[in-house]
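Colleague: take this sequence and fold it.
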Amino acid sequence: MSKYLAEAIQLLHSHRFLEAAEQCQKALSKKQNVLKARLLLATCYYSQGVVHLFESKLIQDAADYFQLAIEENPRHTDAIQNLAGCLVELGRQEEAIPLYRRAIDLEPKRISILRDLAICYQRLDRLDEASATLQALIQADPENGGAVLFDALLLKSIIPHPEYPEQIRQRIQEKLQAFDASGLSITDPMSLPANYFFLSYHGLCNKQIHEKIAESYLRATPSLSWRAPHLDAPRNAGRIRIGIASSFLYNHSIGHTTRGLVEMLDRSRFEVIVIHLGNPPSDEIAKAINAAADRVVHVPYGDLQNARECIAALSLDILFWQDIGMEPFSYFLAFARLSPVQLTSFGHPDTTGIPNVDYFLSSSLYETAAEQHDYAEKLILVPNAGTLSYYHRPVTPPAASRQDLGLPDEAHVYLCPQTLFKLHPDMDELFLEIVRLDAKAIIVLIAPSQTHMASQIEQRLQKHAADLAGRVRFIKRLSYKKYLQLLQSADVILDTLHFNGQNTSLEGLAVGTPVVTMPGRLQRARHTYGMYRAMNFMELIAKDKTDFAAKAVAVVCDADFRTHCRASIAQLSGQLYQNQAFVSACEDAFTDMFNRI
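Modeller: Numbering: from 1, shown residues only. Take a look at the predicted model:
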């Protein structure tokens, strides 16, 4: 072995990977032990990629080094798999798939590659391929209950047709029954994490199916119901200790709706501990939340038992999950009993079905007479809350021209700025009615980074292609300032049916743009309705889809009605923002929950 390679090996063992790579390059330049030098150089680059990926979180840098490792050793399966994983994190899933397939060709039965490829297919809504990959995984590892349950919960992000919500529930129920009958167990549900996220956008009550999913997870993974040791000790003396937990406590819809509560809870009554699941971006919202907290705790993402013990060590009286179901980690953590009182709210506005979530906090303005039927948790109603947050009113930016926003000046802009998976097929009929009523109408949607979602919406709209041709426009994602300017420049905002806006409606009303809405039976279909009830302004609440379209067109085409709506919103919307009455009601609710322990 050449002296360069000997030196490289010593440096490699000392984790000085780039210096080791330089020695390998010297050996190659001298044509010494070429094959061994290239393989060792691949190891150096791979190891540096791992450092960037897992320690520094520099995803692109890690990808670059994994690519270099593959160039030196085309059969480096770990480098190929990790490069694919980096591309997935960078939103380049389509590029990742050939790499996963290449890694599988090298090692057909490596479980982790099959798992990663199945997740990649699932993120792209290529569900048949995801299922086929899971079947290969199950064949290689027949006792892998996580793969069986993940397959059972595969569902499309975009509803392809009106019958799909009922059809997919039937499929899921059948597969859950088969899974339970199999007796398979799951050691770590985070290894192939699935939950019910997209079911919540179907416009149907999910209590029964969410309870069934939770039941299947608990049967397969009894450790999920872990119980914190401090629950058997005497309760805390003094202030009620409340933990506020989420992965999204930064410039995110959850961060915006959580910030005010952390800031305004009465510190003579409550000790407020912010619990970040993972390491969020350190932006202005995260800094404001952290600055307002009595204590800030970061729980490493992914290791359920470690996270359970970290949260248990806080000896909380109340654990308030800001969202359950938006990502898997909080979902699985919520199965444990980590505090005497555990609750969630509208961060993801659907029942969890989890036995250890005690309460669901909602508003009397959001719920119907049948409300408790929709929840596995005990429903607590904040009286007359137009929004379930102490919401900081966004600062209206200077107006931007439509040209700057990529919109035509002469068109009537009907903006629906929600994420595309909120677009139930019922919205298609609404769009169609609007363009029939208004010859100058264009429906404006925001294109997501996941391009397959826009493609699926376009495919669904082909049913009305002749009428909607050129009338539906996608614009690229914008900075927050530009986004507010887009809301401001729209003639009217169309609320989504079955799952309303919350942040979006609050932002739209803050800049003065009328939002037309149509309430449904479920809470998540009544957010904007609740806001208007709190404002005592009911003229933009539609009774059916025909009325919805007529009201939207009236806002745009009737100058007097538009002026009236904008003036009313300007006069009445203030009570939706920085509402101390909401905080006071929460304080009383939390105290009552604590006293019931």
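Colleague: would you mind finding the longest helix in the protein?
Modeller: When secondary structure is assigned using DSSP state H, the longest helix within the chain turns out to be helix 164-182.
Colleague: for whatever helix or strand comes next after it, buried residues please.
Modeller: On the C-terminal side of helix 164-182, the closest following helix or strand by DSSP states H and E is helix 207-220. By neighbour count on 16 or more other C-beta atoms under 10 Å, the buried set for helix 207-220 is 207, 209-214, 216-220. For the C-beta atoms, the positions are set from N, CA and C on the backbone; glycine is no exception.
Colleague: just flag the most distant two among those residues.
Modeller: Within these, K207 and A220 form the most distant pair, 20.8 Å apart (C-beta to C-beta).
Colleague: identify the bridge partners of L445.
Modeller: Going by DSSP bridges, L445 is paired in beta bridges with C416, F474.
Colleague: hang on, it packs against F474?
Modeller: Yes: at 5.3 Å, L445 counts as touching F474 under the criterion of C-beta atoms under 8 Å.
Colleague: ok now the helix or strand containing G508, how far from the chain's centre?
Modeller: Assigned by DSSP H and E, G508 belongs to helix 503-510. Mean-position distance between helix 503-510 and its chain equals 19 Å (C-alpha atoms, centre = their mean, to the nearest Å).
Colleague: pull the CA atoms of that helix into PDB?
Modeller: What follows is helix 503-510, C-alpha atoms only, in PDB (Å, rounded to 0.1, in the frame of the first residue of the first chain):
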ATOM      1  CA  ASN A 503     -55.000  31.700   8.400                       C
ATOM      2  CA  THR A 504     -55.900  32.300   4.800                       C
ATOM      3  CA  SER A 505     -59.300  33.900   5.700                       C
ATOM      4  CA  LEU A 506     -57.700  35.900   8.500                       C
ATOM      5  CA  GLU A 507     -55.000  37.200   6.100                       C
ATOM      6  CA  GLY A 508     -57.600  37.900   3.300                       C
ATOM      7  CA  LEU A 509     -59.900  39.900   5.700                       C
ATOM      8  CA  ALA A 510     -56.900  41.700   7.100                       C
END
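Colleague: backbone torsions only: list them for the closest residue to L388 other than its chain neighbours.
Modeller: If you skip the residues right next to it in sequence, L388 has F346 as its closest partner in space, 4.9 Å away by C-beta to C-beta, 6 or more residues apart in numbering. In terms of degrees, to the nearest 10, the main-chain angles of F346 are phi -80, psi 0.
Colleague: so who does F346 touch?
Modeller: 257, 361-362, 366, 388, 502, 523-524, 527 (C-beta atoms under 8 Å, 6 or more residues apart in numbering).
Colleague: helix or strand: which one has the spatially most central residue of the chain?
Modeller: For the chain, the residue whose C-alpha lies nearest the mean C-alpha position (C-alpha atoms, centre = their mean) is M326; its distance is 4.1 Å. With secondary structure defined by DSSP H and E, M326 is part of neither a helix nor a strand.
Colleague: domains in this protein, by residue range?
Modeller: According to the domain assignment given by automatic domain parsing, the chain is divided into the following structural domains: 3-222, 235-392+580-595, 412-576.
Colleague: report the separation between the closest residue to L572 other than its chain neighbours and D266.
Modeller: What sits nearest to L572 in space, not counting adjacent residues and going by C-beta to C-beta, 6+ apart, is M535, at 4.1 Å. Between M535 and D266 the distance is 27 Å, computed by C-beta to C-beta, to the nearest Å.
Colleague: quick one: the worst-scoring helix or strand of the chain on mean pLDDT to chain centroid distance?
Modeller: Using mean pLDDT, DSSP states H and E, helix 465-468 stands out as the lowest-scoring helix or strand of the chain, at a mean of 88. Taking C-alpha atoms, centre = their mean, one finds the center of helix 465-468 at 32 Å from the center of the full chain.
Colleague: who does it touch, helix- and strand-wise?
Modeller: Where contact means 3 or more C-beta pairs under 8 Å, 6 or more residues apart in numbering; DSSP states H and E, helix 465-468 is packed against helix 426-437.
Colleague: alpha carbons only: can I get the helix it packs on in PDB?
Modeller: The C-alpha atoms that make up helix 426-437 are tabulated as PDB, following Å, rounded to 0.1, in the frame of the first residue of the first chain:
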ATOM      1  CA  ASP A 426     -67.400  20.100  -5.400                       C
ATOM      2  CA  MET A 427     -65.100  23.100  -6.100                       C
ATOM      3  CA  ASP A 428     -64.900  22.200  -9.800                       C
ATOM      4  CA  GLU A 429     -68.600  22.800 -10.200                       C
ATOM      5  CA  LEU A 430     -68.300  26.100  -8.300                       C
ATOM      6  CA  PHE A 431     -65.500  27.200 -10.700                       C
ATOM      7  CA  LEU A 432     -67.600  26.200 -13.600                       C
ATOM      8  CA  GLU A 433     -70.600  28.200 -12.500                       C
ATOM      9  CA  ILE A 434     -68.500  31.300 -11.900                       C
ATOM     10  CA  VAL A 435     -67.000  31.400 -15.300                       C
ATOM     11  CA  ARG A 436     -70.400  30.900 -16.800                       C
ATOM     12  CA  LEU A 437     -71.700  33.900 -14.900                       C
END
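Colleague: can you tell me what sits against it?
Modeller: Where contact means C-beta under 8 Å, 6+ apart, the residues beyond helix 426-437 that reach it are 162, 203, 414, 416, 441, 443, 460-461, 463-464, 467-468, 471-472, 494, 496-498, 545-546, 548-550, 552-553.
Colleague: hmm, I242 and F590 touching each other?
Modeller: Yes: the pair formed by F590 and I242 meets the contact definition of C-beta under 8 Å, at 6.4 Å.
Colleague: anything in contact with each of those two?
Modeller: Shared between the contact lists of F590 and I242 (criterion: C-beta under 8 Å, 6+ apart) are residues 270, 318, 320.
Colleague: residues in contact with I168?
Modeller: Under the criterion of C-beta under 8 Å, 6+ apart, the neighbours of I168 are 155-156, 199.
Colleague: give me that answer again for 6 Å
Modeller: Taking C-beta atoms under 6 Å, 6 or more residues apart in numbering as the contact definition, I168 lies against L155.
Colleague: so which of L445 and F474 has more stuff around it?
Modeller: The neighbour count for L445 versus F474, taken as other C-beta atoms under 10 Å, is higher for L445 (22 against 16).
Colleague: next, I273: secondary structure please.
Modeller: Following DSSP: H, G, I helix; E, B strand; the rest coil, we place I273 in the strand state.
Colleague: what residues are up against it?
Modeller: With contacts defined as C-beta under 6 Å, 6+ apart, the neighbours of I273 are 243, 295, 314.
Colleague: okay, now E71: neighbour count?
Modeller: For E71, the neighbour count with other C-beta under 10 Å is 14.
Colleague: how close does it get to Q81?
Modeller: Here the distance between E71 and Q81 works out to 16 Å (C-beta to C-beta).
Colleague: got any ranges where the chain has weak pLDDT?
Modeller: The chain contains residues with pLDDT under 70 at 1, 370.
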